[in-house]
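# only geometry, no sequence info:
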């Protein structure tokens, strides 16, 4: 089975859908949708995949605008997944995350998205409510319910499967969070920026960064320098910028990337989870996520089928973490876990663009692989 190149999100329309509502443990109501294969008949029951989002206020399609996705027209990876799975005989359940009212995403004001319900632990309770309700739907085969988690969703899927194995037939994990949340964020805020400074900004490859190198690269990438000023220790000077004295610029105004800029980024990260300028709710989220654990700590002991799909160039959750998680799961006795790595693809299993990661649309290769795997497991 092969899949053509993915269409833009705006061109995807699901043909057979039903609106859903899910009541959570604390009485909140989440909206969602069940999509069925074309031609589904009354009384017919399907193997079903429940999609669990990545972090942030995601709608049921995991919609990302162009400026975030890095591609014209943006992306909607969950809509793309639903279309693919429906075409191959699977029902799919998607839902708007707590605090999200509709596609866009349409999000409640930040003041209404506060407290423990808006943490990973809170989202786990919501996901369990969605899973339990899904199993009661007349079109769903309750013995064939799968969880597909993306990024943060891999943590939820792993925890649900380990705690409630009788509810879950198998897992698909995309962008597995295999390291602790602190280590994952350290990669995103320290290790990855340093690598990008070397690869994209240090044009003469001398290990030093100059203001002209920075500004030229910012211009090529369409990035406003002011948006990166704090992270790079930039201060305005007239119509331009200079490095802050704390970065020890030399007589030519250059700073050493691996010494001075690394020290600067490490100092900014040191107070984790109380990162500079972070709102109290985000601090609560990070603190909870760190305590919650990773797929490496959450999933061992689950003996059902597990498929991990990971982009080799994933800039959010590093490939090494997925390998670590796989080893832990296999060491616990699970012989049904496997990992597929995709060269050239990133966190949403989409290709790089001009050296910069994109977040969709997902390429055909992983779409085919996950569908083939689900069909094989469902046939057993």
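That came in fine, so what should we check first? In this text the structure is predicted, and so the values were computed from the model without any measurement.
# what residues are up against residue 113?
Applying CB atoms under 8 Å, 6 or more residues apart in numbering, we find residue 113 in contact with 57, 98, 99, 107, 281. For every residue, glycine as well, the C-beta is placed using N, CA and C.
# 6 Å instead?
Applying CB atoms under 6 Å, 6 or more residues apart in numbering, we find residue 113 in contact with residue 99.
# Could you find the closest non-adjacent residue to residue 188?
residue 316 (6.3 Å; CB to CB, 6 or more residues apart in numbering).
# in a strand, that's where the one you found is, yeah?
No. Looking at residue 316 with DSSP: H, G, I helix; E, B strand; the rest coil, it is coil, so not inside a strand.
# wouldn't it be in contact with residue 347 here?
Yes. With contacts counted by CB atoms under 6 Å, residue 316 reaches residue 347, the gap being 4.3 Å.
# per-residue confidence at the residue in the chain sticking out farthest from the centre?
Distance from the C-alpha centroid of the chain peaks at residue 251, with 42.6 Å (CA atoms, centre = their mean). pLDDT for residue 251: 87.
# how about it, secondary structure?
What three-state DSSP gives for residue 251 is coil.
# Roughly how far does it sit from residue 121?
Distance, residue 251 to residue 121, by CB to CB, to the nearest Å: 52 Å.
# just the helices in the stretch 201-350 of the chain please.
Per DSSP state H, counting those that start in this stretch, the stretch 201-350 of the chain carries helices over the ranges 211-221, 229-232, 262-269, 280-292, 295-298, 319-331.
# The least confident helix or strand in the chain by mean pLDDT: which residues count as buried?
Of all helical and strand segments in the chain, the minimum by mean pLDDT, DSSP states H and E falls on helix 66-69, at a mean of 88. Residues of helix 66-69 classed as buried by neighbour count (16 or more other CB atoms under 10 Å): residue 69.
# which residues are in contact with that helix?
Helix 66-69 is contacted from outside by 72, 74, 75, 359, 360, using CB under 6 Å, 6+ apart.
# Kindly recompute the last result at 8 Å.
For helix 66-69, using CB under 8 Å, 6+ apart, the contacting residues are 72, 73, 74, 75, 358, 359, 360.
# residues of stretch 180-194 that come out buried?
By 16+ other CB under 10 Å, the buried positions in stretch 180-194 come out as 180, 181, 183, 184, 185, 186, 187, 189, 190, 193.
# How far does that stretch stretch from one end to the other?
Taking CA to CA, to the nearest Å, the first and last residues of stretch 180-194 lie 20 Å apart.
# likewise stretch 254-270?
In stretch 254-270, first residue to last residue: 24 Å (CA to CA).
# quick thing: my sequence starts at 24, can you match it?
OK, 24 is where the count begins now, so the last one is stretch 277-293.
# Off-centre distance for that stretch?
Between the centre of stretch 277-293 and the centre of its host chain there is 27 Å, according to CA atoms, centre = their mean, to the nearest Å.
# So which bits of that stretch are buried?
Residues of stretch 277-293 classed as buried: 277, 278, 279, 280, 283, 284, 285, 287, 288, 291, 292 (neighbour count, 16+ other CB under 10 Å).
# Ok, stretch 124-135 next?
Going by neighbour count (16+ other CB under 10 Å), the buried part of stretch 124-135 is 128, 130.
# Distance from it to the middle of the chain?
On the basis of CA atoms, centre = their mean, stretch 124-135 sits 19 Å off its chain's mean C-alpha point.
# pLDDT on that stretch, on average?
For stretch 124-135, the per-residue pLDDT averages 93.
# Show me what it is in contact with.
Identification of contacts with stretch 124-135 by CB under 8 Å, 6+ apart yields 54, 80-84, 86, 119, 122-123, 136, 302, 304.
# Restricted to strands, list those.
The strands, defined by DSSP state E, take in 54, 86, 123 from those.
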